[in-house]
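# Give me a 3D structure for the following:
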Amino acid sequence: MTPKYACPWLALAAFALLAGCGESSAPEPPPPAQQPAAEPDPGPAERADDPDAAIEAFMARIAEHCGEAFEGSITVNEPEVDDDPFVGQRLVMHVRECLDDELRVPFHVGDDHSRTWLLTRTDNGLLLKHDHRKEDGSDDELTMYGGETTEPGTATRQEFPIDDETVELFERLELERSLGNVWAMEIEPGQYFAYELTRHDGSIFRVDFDLTETVDTPPTPWGWPELED
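Predicted structure coming up:
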């Protein structure tokens, strides 16, 4: 007996599909699931597990601007205090000297040319010190304070918790509020450089400098020799 349907499918399936004798093919398998693109390897300079490379890259990013000066503005200042020496002043950083293991960056606050940031490579990481001079060039009573990195940073940001030497200095000068200081610096090439101070009481002070536009070289910081041409 000849089957009613030429294709070897059940009549019920043929009726349901309305294609009993039509040409058929196996359904195409669904496309494989799209795998998210792998994140590019940021390289050792960006990885926190390679602090030495990160510090080298961080220092190199600042040194790229050696000889240049940039104007900044206060972006965070909480809580504000009366007679704040930074508020209302022109703020300028100058990447003045770039040595093999140290960067010297004066921070000019209006007509006050007393401050210079010293970033120095050490066996343990990176050390930030604040060199403060009086107008006659002698050391200020509050000088050479800062901290050294204790956690891996990146090529973009380094943090400097207060060191023991600074704790002793602040205790002697009765600056108890500053005993929990943590300083930080950030740099995004071609965008900004930031100087930041936070305290355990939640206060924070931050200045961002615009790296997209240089300004005139500021005066020689107090107590430092003139640079040779």
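# separation between residue 144 and residue 165?
8 Å (CB to CB, to the nearest Å). Quick note: C-beta positions are derived from backbone N, CA and C, even for glycine.
# what's the answer for residue 86, then?
For residue 86, the distance to residue 165 - CB to CB - is 24 Å.
# State the number of residues packed around residue 103.
The tally of other residues near residue 103 (other CB atoms under 10 Å) stands at 21.
# tell me the phi and psi of it?
Reported as degrees, to the nearest 10, the phi and psi values for residue 103 are phi -110, psi 140.
# Then residue 59?
According to degrees, to the nearest 10, residue 59 has phi -60, psi -40.
# who touches it in this structure?
With CB atoms under 8 Å, 6 or more residues apart in numbering as the criterion, the residues that contact residue 59 are 103, 119, 121, 126.
# The second one touches residue 98, doesn't it?
No. Under the criterion of CB atoms under 8 Å, residue 119 lies out of contact with residue 98, with a separation of 9.9 Å.
# These two: who's more crowded?
Ranked by neighbour count (other CB under 10 Å), residue 119 and residue 98 place residue 119 first, with 23 against 18.
# Any regions of this protein where pLDDT drops low?
For the chain, the stretches with pLDDT under 70 are 1-49.
# Around the residue nearest to residue 222 when sequence neighbours are not counted, count how many other residues there are.
Excluding its sequence neighbours, the residue lying closest to residue 222 (CB to CB, 6 or more residues apart in numbering) is residue 133, at 4.3 Å. Using other CB under 10 Å, residue 133 has 18 neighbouring residues.
# what sits against residue 133?
114, 116, 139, 140, 143, 221, 222, 223, 224.
# Also residue 129?
117, 118, 120, 144, 145, 146.
# Can you classify it as helix, strand or coil?
Secondary structure, DSSP: H, G, I helix; E, B strand; the rest coil: residue 129 is strand.
# on that earlier part again, taking the contacts of residue 59 one by one, which sit in strands?
By the criterion of DSSP state E, membership of the contacts of residue 59 in strands covers 103, 119, 121, 126.
# Looking at those residues, which is nearest residue 210?
residue 103 (19.0 Å; CB to CB).
# Which one of the ones in strands among the contacts of residue 59 is nearest to residue 57?
Nearest to residue 57 among these, with distances taken as CB to CB, is residue 126, at 11.5 Å.
# gap between that closest one and residue 81?
Distance of residue 126 to residue 81, given as CB to CB: 29 Å.
# now swap in residue 163 and tell me
25 Å.
# coming back round to it: now the contacts of residue 129: which count as buried?
117, 118, 120, 145, 146 (16 or more other CB atoms under 10 Å).
# Tell me which helix or strand residue 113 sits in.
Assessed by DSSP states H and E, residue 113 sits inside strand 112-121.
# Just grab the bridge partners of the closest residue to residue 97 other than its chain neighbours for me.
Once flanking residues are discounted, residue 97 sits nearest to residue 104: 4.0 Å by CB to CB, 6+ apart. Assessed by DSSP bridges, residue 104 has beta-bridge partners residue 97, residue 118.
# residue contacts, residue 104?
So, once contact is read as CB under 8 Å, 6+ apart, residue 104 ends up touching 96, 97, 98, 116, 117, 118.
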